[in-house]
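Enquirer: sharing a model that was predicted from the sequence below.
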Amino acid sequence: MSTHRDRLRQAMGDKVQFVQGDDACAYGAILAGCTFFAGYPITPATEVAERMAELLPKIGGCYIQMEDEIASMGAIVGASWTGVKTMTATSGPGFSLMQENLGYAIMTETPCVIVNVQRSGPSTGQPTLGAYGDMMQARWGTHGDHEIIMLCPASVQEAMELTIVAFNLAEAYRTPVLVFIDGELGHMRERLVIPEDDEFELVERTCATSREGYRPFAAGEDLVPPFAPFGAGFRTYVTGLTHNEAGLPRSASAPIHDQLVRRLADKILRNTDQIIRYEEFGAEQCEIAIIAYGITARACRDVVEEGRQRGLKVGLLRLITIWPFPDEVVAKWATRVQAILVPEMNLGQIVHPIREAVAGRCPVMLQSKIGGELHTPTEVIDALEELRCQVC
Amino acid sequence: MSGLLKLKTAAELRQIYLRHEMFPTIFCDGCGLGNVLNYTLWALDELQLDLDRTVFVSGIGCSSRLSGYVNADGMHTTHGRALAFASGIKAAQPDLNVIVFTGDGDGSGIGGNHLLHTIRRNMDLTVILVNNFTYGMTGGQAAPTTPIDSFSTTTPYGNIEYPLDICALAQTLGAPYVARWMINQPYPPIKSIAQGIQKRGFALIEMLVPCPTAYGRRNGLKQLETIWQWYRDHTILIDDYEHIMHFGSPDERAALHDKIKIGIFQDCERESFEARWAALVEQVKL
Ligand SMILES: Cc1ncc(C[n+]2csc(CCOP(=O)(O)OP(=O)(O)O)c2C)c(N)n1
Ligand code: SF4
Ligand SMILES: [Mg+2]
């Protein structure tokens, strides 16, 4: 008799595959235990939905193609309240449409995962080409005060691994989590090794145990309220209005709003050590640093080696968690180096929190590239040389 | 369902079915939303529906506040999107009864596209759509349902747009259950809500509800008497309508032109999304 986990593996197929980043996100979701996907087609994210449509019925889950991305986001939030793990995937225009319901997920503490395979904008832009133009929209796109968690993989393998992590963080903190890749990574094929179950961790949301005196939005010291799924007799009222710990609307109360919105932010901000991930290369004896993320960081890894061979003392801080922003890590680098280069596939987005964290300790230079082409190692090295001339 | 409804008193119903901490309601004096809540409770009671296994979903608006007053799981979502959230709940957990409260603005204005596709998909939801001809909660702006020539804060010179017949739309789209009732008679809507809940597929019950504050005040419909008279003058039972259309004189037929039809427009069977998905899973599951 095969177990459910066996069936997942059987559905995905070979342990080693040559697949796209989009497929890897779908595999990560399946491995994490996602059984519900709602989506709407959009280049370059469509393959995530196509993969989920193929896999979910095989494992007894549910795929539903909605009429737009607003509905997709609504459906995954609704489904999550029945206690299942849910995901949607989109690109820029669709992510724009999701903003209101993303805020609803934050306010109602609904675990769910949103994959954004970014393409350039504004508007329809360049549908088939990669970009990183939604980095700030992810942070501030939905209205009101809030924190968000966002992970940025740099390879197909990592897209799968970080999708699993995204589900874990969503479950642990009862909040939506974003996985941001781009059209290049989404459509690029690479070797992917599907891990065994004992090679990764799975986190499940903490569930309420007793209906007696249960208050659905009362949190303990970890600031995350225990979850009671719909249909379990807890009779929870969920609202996007400012609510008290019982879940009842209290939209005119300043103290209740203050307490609620600060707790929602703090449950993420107090756990940055659990959430923030990054990678460092050549951190020792480093004069000039590159801070990069996503697919751009791949070229930069080559730059570290090549630059060092050329006598450039260069290091790389690869950001994996973008939000909450790793200010302390960036600040630490800023104290050790003479200048920082920030290559981005946009007109400058993450350079802003970097400058804020660096706080004038050293110059920070943006190397923008838009139009769909990636930074080449040579371009980055040239920019580093220029930066060295300026500061050294 | 038994032919005769054995109704509990309003006080008994309140005791059993309401989320007492939510009271008093936000509704104005003379608002018809309380009646819709009452009729829903009677229908729940008639069916002896398990409230532990029932979720009430709504969007945003006065009518969308109804979900909070029933003592069951409830989800007060974003404006216009109740059907999207409800579809997610129902698709993920088909065993749950999912009942949606929405407004004319919520359900057919901003949420019109979701209405269209949720019916097309035939999600097994019971949708109680309150039509008060206006965006009530925001103070009475023109809605897709606002009658032609009537006044609202955004049609100060009279409404020039044609109103939407929500039931006709639902019927065309193939919703297995479609009905429209006024609130002046309790029994037909109670029966329809119960039938809608029992229907395996999309059920729409549109309730014509007076909003004396936001709509009525600008259209001479503030007093109870005038309100009821207006509804009597402007509505016609579907059977009477059909009869006159078949056998009436040209004048009699012409007089029906502006009337709102009342009654059960559609009651048929059509396999739901959930049933079809379950069958598909049965086929391809490993
Ligand atoms: C996205 C968005 N747009 C606008 C609003 C403002 N708004 C709140 S309720 C409402 C109208 C509700 O009308 P209806 O659904 O007919 O409900 P009623 O109050 O009439 O019962 C509007 C426009 C909102 N909350 N969200
Ligand atoms: S504004 Fe109209 S619909 Fe809203 S509570 Fe008052 S009377 Fe009812
Ligand atoms: Mg209305």
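Expert: On my side now, so go ahead. Ligands and ions are numbered 1, 2, ... in the order given.
Enquirer: so residue B:241 sits in a helix?
Expert: Yes: under DSSP: H, G, I helix; E, B strand; the rest coil, residue B:241 sits within a helix.
Enquirer: number of nearby residues for the nearest residue to it once chain neighbours are set aside?
Expert: Excluding the flanking residues, the one nearest residue B:241 by Cβ to Cβ, 6 or more residues apart in numbering or on different chains is residue B:261, at 5.4 Å. Heads up, the C-betas are built off the backbone N, CA and C, glycines and all. Residues lying near residue B:261 (other Cβ atoms under 10 Å in any protein chain shown) number 18.
Enquirer: then residue A:251?
Expert: A count of nearby residues for residue A:251, using other Cβ under 10 Å, gives 11.
Enquirer: my read is it is in a helix, agree?
Expert: No: applying three-state DSSP, one finds residue A:251 to be coil, outside a helix.
Enquirer: tell me the pLDDT at it?
Expert: You'll see residue A:251 listed with a pLDDT of 96.
Enquirer: contacts only, for it.
Expert: A:241, A:242, A:257 (Cβ atoms under 8 Å, 6 or more residues apart in numbering or on different chains).
Enquirer: check residue B:150 too.
Expert: B:133, B:158, B:159, B:215, B:218, B:219.
Enquirer: where's it, which helix or strand?
Expert: Secondary structure from DSSP states H and E places residue B:150 outside every helix and strand.
Enquirer: for residue A:159, same thing?
Expert: helix A:156-173.
Enquirer: which strand residues bridge the residue of chain B at minimum distance from ligand 3?
Expert: Chain B approaches ligand 3 most closely through residue B:103 (3.9 Å), counting by Cβ to the ion. Assessed by DSSP bridges, residue B:103 has beta-bridge partners residue B:130.
Enquirer: tally of neighbours for it?
Expert: Neighbour count of residue B:103, defined by other Cβ under 10 Å: 35.
Enquirer: try the one 5 residues further on
Expert: Residue neighbour count, defined by other Cβ under 10 Å, stands at 26 for residue B:108.
Enquirer: that one: what's it in contact with?
Expert: By Cβ under 8 Å, 6+ apart, residue B:108 lies in contact with B:115, B:129, B:143, B:144, B:145, B:164, B:166, B:169.
Enquirer: state whether it is indeed within a strand.
Expert: No: looking at residue B:108 with three-state DSSP, it is helix, so not inside a strand.
Enquirer: from ligand 2, how far out is it?
Expert: 15 Å (Cβ to the nearest ligand atom, to the nearest Å).
Enquirer: okay, that residue: pLDDT?
Expert: Note for residue B:108: predicted pLDDT of 98.
Enquirer: what do you get for residue A:391?
Expert: Residue A:391 is assigned a predicted lDDT (pLDDT) of 87.
Enquirer: likewise for residue B:7?
Expert: On the pLDDT scale, residue B:7 is placed at 70.
Enquirer: does it touch residue B:42 like I think?
Expert: Yes: contact criterion Cβ atoms under 8 Å: residue B:7 and residue B:42 qualify, at 5.8 Å.
Enquirer: more neighbours, the two?
Expert: With neighbours defined as other Cβ under 10 Å, residue B:7 and residue B:42 compare such that residue B:42 has more, 24 against 15.
Enquirer: now the helices: where do they sit in chain A?
Expert: A:4-12, A:21-32, A:46-55, A:69-80, A:92-107, A:135-140, A:156-173, A:183-187, A:254-269, A:272-275, A:296-309, A:327-336, A:351-358, A:377-391 (DSSP state H).
Enquirer: I meant to write chain B there.
Expert: Under the criterion DSSP H, helices of chain B are mapped to B:10-17, B:33-47, B:82-92, B:104, B:112-121, B:166-172, B:187-198, B:224-234, B:238-247, B:250-254, B:273-284.
Enquirer: so which of the ones you listed is nearest residue A:2?
Expert: helix B:273-284 (15.4 Å; Cβ to Cβ).
Enquirer: worst mean pLDDT among the helices of chain B?
Expert: Taking the mean pLDDT of the helices of chain B, helix B:10-17 comes last: a mean of 90.
Enquirer: out of the helices of chain A, which is the most enclosed?
Expert: helix A:69-80 (a mean of 31; mean count of other Cβ atoms under 10 Å in any protein chain shown).
Enquirer: ok, that one near chain B or not?
Expert: Yes: using Cβ under 8 Å from any Cβ of the partner chain, we find that helix A:69-80 touches chain B at A:70, A:71, A:72, A:73, A:74, A:75, A:76, A:77, A:78, A:79, A:80.
Enquirer: list the helices and strands that helix packs on?
Expert: Helices and strands touching helix A:69-80, by 3 or more Cβ pairs under 8 Å, 6 or more residues apart in numbering or on different chains; DSSP states H and E, are strand A:34-39, strand A:85-90, helix A:92-107, strand A:112-120, helix B:82-92, helix B:112-121.
Enquirer: I'd like to check the angle between the fourth one and helix A:69-80, please.
Expert: The one in question is strand A:112-120. Relative orientation of strand A:112-120 versus helix A:69-80 (axes from the mean of the first three to the mean of the last three Cα atoms, to 10 degrees): 160 degrees.
Enquirer: what's the pLDDT at residue A:2?
Expert: Residue A:2 is assigned a pLDDT of 79 by the prediction.
Enquirer: state the distance from the one residue in the stretch 101-250 of chain B that gets nearest to chain A to residue B:278.
Expert: When scored by Cβ to the nearest Cβ, the stretch 101-250 of chain B has residue B:117 as its residue closest to chain A, at 4.0 Å. Separation of residue B:117 from residue B:278 (Cβ to Cβ, to the nearest Å): 20 Å.
Enquirer: quick one, which of the two is more surrounded?
Expert: Applying other Cβ under 10 Å to residue B:117 and residue B:278 shows that residue B:117 carries more neighbours, namely 19 against 14.
Enquirer: so the more buried one sits against residue A:70, correct?
Expert: No: assessed by Cβ under 8 Å, residue B:117 is found out of contact with residue A:70, at 11.5 Å.
Enquirer: show me what from the stretch 1-150 of chain B comes close to ligand 3.
Expert: B:103, B:104, B:105, B:132, B:136 (Cβ under 5 Å from the ion).
Enquirer: go on, the stretch 1-150 of chain A?
Expert: Residues of the stretch 1-150 of chain A found near ligand 3 (Cβ under 5 Å from the ion): none.
Enquirer: low pLDDT regions in the stretch 1-150 of chain A?
Expert: For the stretch 1-150 of chain A, the stretches with pLDDT under 70 are A:1.
Enquirer: apply 80 and report the result again.
Expert: Counting by pLDDT under 80, the ranges of the stretch 1-150 of chain A that qualify are A:1-2.
Enquirer: quick one: pLDDT of residue B:257?
Expert: pLDDT, residue B:257: 89.
Enquirer: got it, and residue B:4?
Expert: 55.
Enquirer: for the residue in the stretch 151-286 of chain B that ligand 1 sits nearest to, give me the backbone phi and psi.
Expert: Nearest to ligand 1 in the stretch 151-286 of chain B, going by Cβ to the nearest ligand atom, is residue B:211, at a distance of 6.3 Å. Here is the backbone geometry of residue B:211 (degrees, to the nearest 10): phi -120, psi 90.
Enquirer: that one reaches residue B:130, doesn't it?
Expert: No: the pair residue B:211 and residue B:130 does not pass the contact test of Cβ under 8 Å, sitting 9.1 Å apart.
Enquirer: which residues are in contact with both of the two?
Expert: Shared contacts of residue B:211 and residue B:130 (Cβ under 8 Å, 6+ apart): B:32, B:62.
Enquirer: measure residue A:259 to residue B:76 for me?
Expert: In terms of Cβ to Cβ, residue A:259 sits 20 Å off from residue B:76.
Enquirer: how about residue B:268?
Expert: In this view, residue B:268 and residue B:76 are 32 Å apart by Cβ to Cβ.
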